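> Dropping the sequence and predicted coords here.
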Amino acid sequence: MKVKVNGTLMAFDDFGSGPAVMMLHDFPFNRDMWRWQAKTLANAGYRVIVPDLPGFGESGAPLGPYTLSSMVDDLVGLLKYLGIGRSVFLGLGMGGHLVFDLLKRHPRKVAAAGFIATTPHAASQEERLLRDGQLELLRQEGPKALIEDIWQKIDRQNGRAGSSSALLSLRASMEAADPVGLSSALIALRDRRDFADYAGRLLLPTLVVGRDADQAGLRDKNRLLKSVPPKCEKHFFSESGQFVHLENPSEFHSVLVGFLDSLGNCRQRPEVLSKVA
């Protein structure tokens with residue numbers, strides 16, 4: 001399905017019926033990375049909305065530069081179009097950064113939050129240099145060169161798992177990204193806000209999923225993920241690459257459905273709402 005939100009064409013899937021769950025993909029992929037989880041959750045009794053973020057998949061890219069906050073405004077507009085007041089939001093990587101922004105600026109829209117391989121911190125100097133290098137590669141050699149560079153890193157970081165059919169399916173979604181979307185998202189990730197202090201004070205149900213291994217160069221992410229509020233549910237996979245939902249699908253599905261099902265016991269409790277200004 002497609003709809004214009006804030007002047008930008010947004011593509012999305014809408015599966016099932018029940019409590020709403022919106023799943024947000026990582027950079028530089030699209031909604032296809034969630035297709036197995038979306039069907040599982042729909043079959044478990046949830047309404048699952050999976051959008052292509054602006055500039056990725058079948059969604060259009062705004063003409064000018066945009067930020068993570070402007071992506072969030074588009075997500076809020078999509079909720080309004082669908083007639084959904086509140087939703088659970090699950091995000092991986094860049095998608096998780098969007099969930100933090102949602103919690104900060106639109107807390108009443110978030111019934112619960114899930115973060116997969118996401119840090120609440122602003123980009124480190126090392127990451128800023130990495131993003132600048134990727135921007136230069138995109139400008140000088142084009143999107144194919146950037147995608148190939150990112151894919152080679154994914155393949156090296158995930159070892160044998162990088163050749164699995166599930167991970168290989170991500171390659172096609174990377175190649176569907178719009179050059180403007182790639183550039184704007186790289187700048188948005190490089191310049192993102194720091195939500196570390198805010199994350200530690202969240203009062204709503206929170207799921208954190210990561211992995212203990214450092215083979216994907218995410219040591220800081222995993223350490224910081226473990227510092228997310230003590231009331232949250234945490235799961236770490238000992239043998240996994242960056243994409244735990246694809247490399248450990250059965251275990252991940254069990255964790256995800258278990259967390260969502262548990263929300264039925266706390267939906268009426270006022271203290272689970274985000275009250276942080």
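Cool, the structure landed.
> can you give me the strands for the stretch 151-277 of the chain?
Remark: strands assigned in the stretch 151-277 of the chain by DSSP state E, counting those that start in this stretch are 206-211, 233-237.
> Which neighbouring elements make contact with the shortest one?
Contact analysis of strand 233-237 by 3 or more C-beta pairs under 8 Å, 6 or more residues apart in numbering; DSSP states H and E lists strand 206-211, helix 249-262 as its packing neighbours. Bear in mind the C-beta positions are built from the backbone N, C-alpha and C, glycine included.
> JSON lines for the ones you listed, including mean pLDDT and distance to Phe100?
Shown next, in JSON lines, are the helices and strands packed on strand 233-237 (pLDDT from 0 to 100; distance: least, C-beta to C-beta, whole Å):
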{"stretch": "strand 206-211", "mean pLDDT": "84", "distance to Phe100": "11"}
{"stretch": "helix 249-262", "mean pLDDT": "92", "distance to Phe100": "18"}
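> Of all the ones you listed, which one is nearest Ala176?
Relative to Ala176, the nearest member of the helices and strands packed on strand 233-237 by C-beta to C-beta is helix 249-262, separated by 22.4 Å.
> In three-state terms, label Gly45 for me.
Three-state assignment for Gly45 (DSSP: H, G, I helix; E, B strand; the rest coil): coil.
> Let me see the contact set for it.
Gly16, Ser17, Gly18, Pro19 (C-beta atoms under 8 Å, 6 or more residues apart in numbering).
> so which of the residues you listed is the most crowded?
In terms of neighbours by other C-beta atoms under 10 Å, those top out with Pro19 at 21 neighbours.
> could you pull out the helices for the stretch 101-250 of the chain?
125-141, 143-158, 165-175, 179-190, 196-199, 219-225, 244-247, 249-262 (DSSP state H, counting those that start in this stretch).
> Redo those helices as a markdown table? Include distance to Thr67 and mean neighbour count.
Compiled in a markdown table, the helices of the stretch 101-250 of the chain are given as follows (distance: least, C-beta to C-beta, whole Å; neighbours: other C-beta atoms under 10 Å):
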| stretch | distance to Thr67 | mean neighbour count |
| --- | --- | --- |
| helix 125-141 | 14 | 14 |
| helix 143-158 | 20 | 16 |
| helix 165-175 | 22 | 15 |
| helix 179-190 | 5 | 20 |
| helix 196-199 | 17 | 16 |
| helix 219-225 | 21 | 17 |
| helix 244-247 | 26 | 22 |
| helix 249-262 | 28 | 16 |
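> Just give me the lowest mean pLDDT stretch among these.
Among the helices of the stretch 101-250 of the chain, helix 219-225 carries the lowest mean pLDDT, a mean of 45.
> List the contacts of the closest residue to Leu63 other than its chain neighbours.
Leaving aside its sequence neighbours, Leu63 sits nearest to Val180 (C-beta to C-beta, 6 or more residues apart in numbering; 7.9 Å). Contact analysis of Val180 by C-beta under 8 Å, 6+ apart lists Gly55, Ala61, Pro62, Leu63.
> Adding pLDDT as columns, could you present the residues you listed in JSON lines?
JSON lines is the format used below for the contacts of Val180 (pLDDT from 0 to 100):
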{"residue": "Gly55", "pLDDT": "92"}
{"residue": "Ala61", "pLDDT": "88"}
{"residue": "Pro62", "pLDDT": "82"}
{"residue": "Leu63", "pLDDT": "77"}
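> Which of those residues ranks first by neighbour count?
When neighbours are counted by other C-beta under 10 Å, Gly55 leads these with 24 neighbours.
> which one is that residue nearest to, not counting chain neighbours?
Excluding the flanking residues, the one nearest Gly55 by C-beta to C-beta, 6+ apart is Gly181, at 1.6 Å.
> ditto for Met174
Nearest one to Met174, counting by C-beta to C-beta, 6+ apart, is Ile147 at 4.9 Å.
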